[in-house]
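Student: Pasting the sequence and the predicted model now:
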Amino acid sequence: MKILTAAAVKIFFLTAAAFVSIMANVMDDRIYQGYLYDFYGELLNEHRREVYEEYVNEDLSLNEIAEERGVSRQSVFDLIKRCNEALYSYEDKLHLVGRFLEVQEQAKEIEKLSAGTENAEMRRIHSLSKEILKEL
């Protein structure tokens, strides 16, 4: 049985922590891309929309999309990149996703602040905030 040194254990945990951090950022990016697509996807042409949906919503790899469509992985990568540039550009101009996320956070805060109160008005506020969150 091999015993790991303290330095090796530290490197392992730092590497694991870095991996978790990187994966959280990747997931955040994918979620944000999903929001961008939900808000602005209809502005993409049909071909771009289909490929982007496969990549973001269906979580297909670039290789899978390329094989399915009979094109190179690089062409799929370039198309996804152009879609992202377009979607981010729309968000830079319109700020719909940013506003949506702000309203969602505010509704969550209202729900949290109004939870567990005996006041009838606060219970109504709590109820309304829950309804708003369901709609968002």
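Tutor: Yep, it's here. Residues are numbered from 1 along each chain as shown.
Student: contacts, neighbours, all on C-alpha from now
Tutor: Noted.
Student: how far away is the residue nearest the centre of the chain from residue 110?
Tutor: Note on the chain: the residue nearest the mean C-alpha position is residue 31, at 1.0 Å, using C-alpha atoms, centre = their mean. Here residue 31 is placed at a distance of 24 Å from residue 110 (C-alpha to C-alpha, to the nearest Å).
Student: Run through the residues that contact residue 76.
Tutor: 51, 62, 65-66 (C-alpha atoms under 8 Å, 6 or more residues apart in numbering).
Student: So which of those are in helices?
Tutor: Within the contacts of residue 76, residues falling in helices by DSSP state H are 51, 62, 65-66.
Student: between the residues you listed, which is nearest residue 135?
Tutor: Minimum separation from residue 135 among the ones in helices among the contacts of residue 76 (C-alpha to C-alpha) is found for residue 51, which lies at 27.9 Å.
Student: Spit out the contact partners of the closest one.
Tutor: Residues near residue 51 by C-alpha under 8 Å, 6+ apart: 65, 76, 80.
Student: Now stretch 98-113: average pLDDT?
Tutor: Stretch 98-113 shows a mean pLDDT of 86.
Student: quick one: buried residues of it?
Tutor: By neighbour count with 16 or more other C-alpha atoms under 10 Å, stretch 98-113 contains the buried residues 104, 107-108, 110-111.
Student: got it, and stretch 119-127?
Tutor: Neighbour counts over stretch 119-127 (16+ other C-alpha under 10 Å) mark 122-123, 125-126 as buried.
Student: which ones among these are found in helices?
Tutor: Assignment to helices by DSSP H places the following of the buried residues of stretch 119-127 there: 122-123, 125-126.
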